[in-house]
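A.B. asks: predicted model, plus sequence, below.
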Amino acid sequence: MFIDCSNTLPEFIFEEPKEIDPNNTEYRLLFGKKWAQLAGMSKEEFFQKAQQQSVDAVMRDVYAKLEEEFSMDKFLNMLSESNIVYHAIHNMDYGRDGSEPPADHDYVAEILKKYPGRFIGFAGYNPHKGTESLKTVRKALTEQGYKAVVIPPYEHGVKADDRKYYPLYALCDELNIPIWIHSSINYYRQTSVFLDHPSNLEAPLMDFKNLKIIAGHGGWPWVPDLIAMLLKYENLYVDTSAFRPKYIAEPNTGWDMFMYYANSLIQDKIVFGSDWLTLGMPIKDVISEIEAWPLKDSVREKFYWKNANKVFNLGLKAPVLNKNM
C-alpha cells in the first residue's frame, strides 16, 4: 500500500484560471503538455495549439476535459485501484504580499470530514500574512483535521530559513506536526534558482529540535547536499515527487546518490510522494516505474508507507488492500 505525501486535489491543479501570471508561463508550458496527455491530447498537438493561440486559451480547453475526467468519484476509484490509502491535499497559500486574506481552509476541511481516513490535509501558510495566516493554520491543525503544513518558499520569495517562517516552525514543533517544504529547482524567471536550496532547511532543523521536515522534490539538482543533511538531522525526510521515476533510476541524472543510499543509510528517511497530477501521469504508471527501482523489499515497504505512517502518526498496522470507499 502507499501513502502519497506530495499531491493535491485534481481541481486545484486543473481549475480554470482567470488569468495566468506571466512569471508562471514557464510552468504552464512545462507541465501543460503533460496535463494535455492526461486529457487525451498529444504533446505535438499541445505545442501546435500553443503557437496558434494564447497559452491560457489552450489550457482552458485542457482543463475542461480534465474536469470531466477527474470527478471526485473517478478520482477516488483511481486511488483505490492503485492502493493509495492516504493521498495528500496540499492546500497552498501563494503570494508575495499580504494584500489578500489567508487561503481558505474550510473547503478542504469539509473533504477531510466527508472522506475520513482517505486524505492527509496540508495547511498552507504565507509568511507575508503574518498572524492571520498562523491563526488559520492553527485552526486547521487543531480543529479541522489537517495533519501537516506545506510551504513553497519560491512562491513567497522567501528562503526557508528566513525568520518570517519561524512562528510557523514553532507551532509545528509545539504540535508535533510535519511540514513539507519545496526544496528543489524552481522555474520562475524572476526568482533565484537557489532560493529553494536544501541548505536553507538547516537553520530551522537546528533551532527547532523536534521539527519534522519533508524536503519536497528530493533536493534536485542538489541531491548530494540533501543526502548529507539527511545523514545528520534525525527529523529530516525526503520525497522524490514531481520527477519521473524512470529518470531517477537512470545513471547520471543527478539522482545517483539517492539511489545508492536509499537501500542503506537513508532508508528510514524516504517517503513516497508522486505529484502524479503535476507529472500528468496516471498514478498507476508512476508506481509501475518505481517498482522497477532496485530497492530491497524491506526498504520498499518503508518508502511506500511505513516511514510516512510514523511521520504523520497515522496508526496503520498492516497493509490494507484496495480500501473500500
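C.D. replies: That came in fine, so what should we check first?
A.B. asks: all the helices of the stretch 1-150 of the chain, residue numbers only.
C.D. replies: Ranges of helices within the stretch 1-150 of the chain are 10-14, 25-38, 43-52, 55-69, 72-81, 106-114, 130-142, based on DSSP state H, counting those that start in this stretch.
A.B. asks: mind putting the ones you listed in JSON lines, mean pLDDT, mean neighbour count and distance to residue 221 included?
C.D. replies: C-beta here means a position set from N, CA and C on the backbone, and glycine is covered the same way. As requested, these are exported to JSON lines (pLDDT from 0 to 100; neighbours: other Cβ atoms under 10 Å; distance: least, Cβ to Cβ, whole Å):
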{"stretch": "helix 10-14", "mean pLDDT": "82", "mean neighbour count": "18", "distance to residue 221": "24"}
{"stretch": "helix 25-38", "mean pLDDT": "68", "mean neighbour count": "18", "distance to residue 221": "15"}
{"stretch": "helix 43-52", "mean pLDDT": "80", "mean neighbour count": "14", "distance to residue 221": "24"}
{"stretch": "helix 55-69", "mean pLDDT": "78", "mean neighbour count": "17", "distance to residue 221": "26"}
{"stretch": "helix 72-81", "mean pLDDT": "93", "mean neighbour count": "15", "distance to residue 221": "31"}
{"stretch": "helix 106-114", "mean pLDDT": "98", "mean neighbour count": "15", "distance to residue 221": "32"}
{"stretch": "helix 130-142", "mean pLDDT": "98", "mean neighbour count": "18", "distance to residue 221": "30"}
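A.B. asks: of all the ones you listed, which one comes closest to residue 267?
C.D. replies: With Cβ to Cβ as the measure, helix 72-81 is the member of the helices of the stretch 1-150 of the chain nearest residue 267 (25.6 Å).
A.B. asks: picking that back up, let's have the helices of the stretch 1-150 of the chain in TSV, adding distance to residue 289.
C.D. replies: Shown next, in TSV, are those (distance: least, Cβ to Cβ, whole Å):
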stretch	distance to residue 289
helix 10-14	20
helix 25-38	14
helix 43-52	18
helix 55-69	21
helix 72-81	17
helix 106-114	28
helix 130-142	33
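A.B. asks: out of those, which gets nearest to residue 296?
C.D. replies: Closest to residue 296 of the helices of the stretch 1-150 of the chain is helix 72-81 (Cβ to Cβ; 26.1 Å).
A.B. asks: packing partners of the closest one?
C.D. replies: Helices and strands touching helix 72-81, by 3 or more Cβ pairs under 8 Å, 6 or more residues apart in numbering; DSSP states H and E, are helix 283-291.
A.B. asks: now the helix it packs on, how far from the centre of its chain.
C.D. replies: 17 Å (Cα atoms, centre = their mean, to the nearest Å).
A.B. asks: any idea which helix or strand comes after it?
C.D. replies: helix 297-301 (DSSP states H and E).
A.B. asks: pull the distance from that following helix to the chain's centre.
C.D. replies: 22 Å.
A.B. asks: and for stretch 8-15?
C.D. replies: That offset, for stretch 8-15, works out to 13 Å (Cα atoms, centre = their mean).
A.B. asks: contacts for that stretch?
C.D. replies: For stretch 8-15, contacts defined as Cβ atoms under 8 Å, 6 or more residues apart in numbering pick out 35, 62-63, 66-67, 70, 75, 88-92, 108, 111, 277-278.
A.B. asks: let's go with 7 Å and repeat that
C.D. replies: 35, 63, 66-67, 70, 75, 88-90, 277-278 (Cβ atoms under 7 Å, 6 or more residues apart in numbering).
A.B. asks: brilliant, that's me finished.
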